Every structure is written in structure tokens, then in C-alpha cells.
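A.B. asks: The sequence isn't on hand, but the structure is:
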């Protein structure tokens, strides 16, 4: 069974473990790994034209920084390990965007790393893993 495996990636150790796990699965099945980095961005409804222009400039800079500092190095590092590697950077709520990517790419599975927060911390601050297992349109693997 080949397919697209979406990996939520933030550069953490947990994300690297999830990426390695997904690459092993994709290589064994002839699949593709899509490394997805989500930048959280809250929309402001009342901005002056100058504030809006500054906000767009910061957004472009943040995208460029994410590409050069995070995504390009990891894609280079994991290329040649038996699976095709693609990457994408998007803005939004992490779980929602990963689900949208999985749907639009007709992914077979989503992989993310567990960040190690306590159960109480996850309940208080929310959890991408918790949201994904409840809303993902495809199977979701949480890698410890």
C-alpha cells in the first residue's frame, strides 16, 4: 500500500522521531512523506492599513525563516532514505491545518510526535494530538 504520509513537524525531538517513523513506513510501502510545518497566526479584525502592511511583511519574513531554518535543512537531511520527500508550510491552527492537508492530498495517514506534556498540562493548554485523534480524516499515529 503506497500513499502520502503527512508528518506534523516543528523541529522538536518528538517531531524528528515521528518523521523517522513515517519515513520507515513510507519507504517500506513505496510512499511519499509530506513534512508539514504549521505557523499559528491569529487574525486581527481591526487593523489600520499601516498595521496590515506591517503584518503581511512579518508574515512573509516568518515564512522565509521557516523555510530556510527549519524545512530546507530537514528535507536535505532525510532525502535519499527510500521515500519521496515533500514539504509544505501553512498558517492556521495546527490540528485543523494538518487535517486540511491530509484531505487535500488524499493522505493515507498523519504522524506527529508526542511532546511529553503531562495529562494535566494537555487538558489545560490543549493538545494537537488530542484534537487530531478526534478530528483527523485518516488514521493518526502519535509517536512517543
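C.D. replies: That came through fine. Just so it is clear, the model here is predicted, and its values are computed rather than measured.

A.B. asks: Report the buried residues of the helix or strand harbouring residue 133.
C.D. replies: Applying DSSP states H and E as the criterion places residue 133 in helix 128-135. Buried residues in helix 128-135, counted by 16 or more other Cβ atoms under 10 Å: 128, 129, 131, 132, 133. Where C-beta positions appear, they are placed from N, C-alpha and C, glycine not excepted.

A.B. asks: Distance-wise, check the residue most central in space within the chain relative to residue 84.
C.D. replies: In the chain, the C-alpha nearest the mean C-alpha coordinate belongs to residue 8, at 2.6 Å (Cα atoms, centre = their mean). Going from residue 8 to residue 84 by Cβ to Cβ, to the nearest Å gives 18 Å.

A.B. asks: quick one: low-confidence parts of the chain?
C.D. replies: Low-confidence segments of the chain (pLDDT under 70): 1, 42-46, 116-126.

A.B. asks: Pretty sure residue 137 sits in a strand.
C.D. replies: No: using DSSP: H, G, I helix; E, B strand; the rest coil, the secondary structure at residue 137 is coil, not a strand.

A.B. asks: Grab the nearest non-local neighbour of it.
C.D. replies: Nearest non-adjacent residue to residue 137, counting by Cβ to Cβ, 6 or more residues apart in numbering: residue 103, 5.2 Å away.

A.B. asks: Next up, identify which helix or strand the one you found is on.
C.D. replies: Going by DSSP H and E, residue 103 is part of helix 94-104.

A.B. asks: Report all helices and strands that the following helix or strand past that helix contacts.
C.D. replies: Sequence order places strand 109-113 as the next helix or strand after helix 94-104, per DSSP H and E. Packing partners of strand 109-113 (3 or more Cβ pairs under 8 Å, 6 or more residues apart in numbering; DSSP states H and E): strand 4-8, helix 13-29, helix 94-104, helix 128-135, strand 140-143.

A.B. asks: tell me the most buried of these?
C.D. replies: Greatest average neighbour count among the helices and strands packed on strand 109-113 goes to strand 4-8 (a mean of 26), per mean count of other Cβ atoms under 10 Å.
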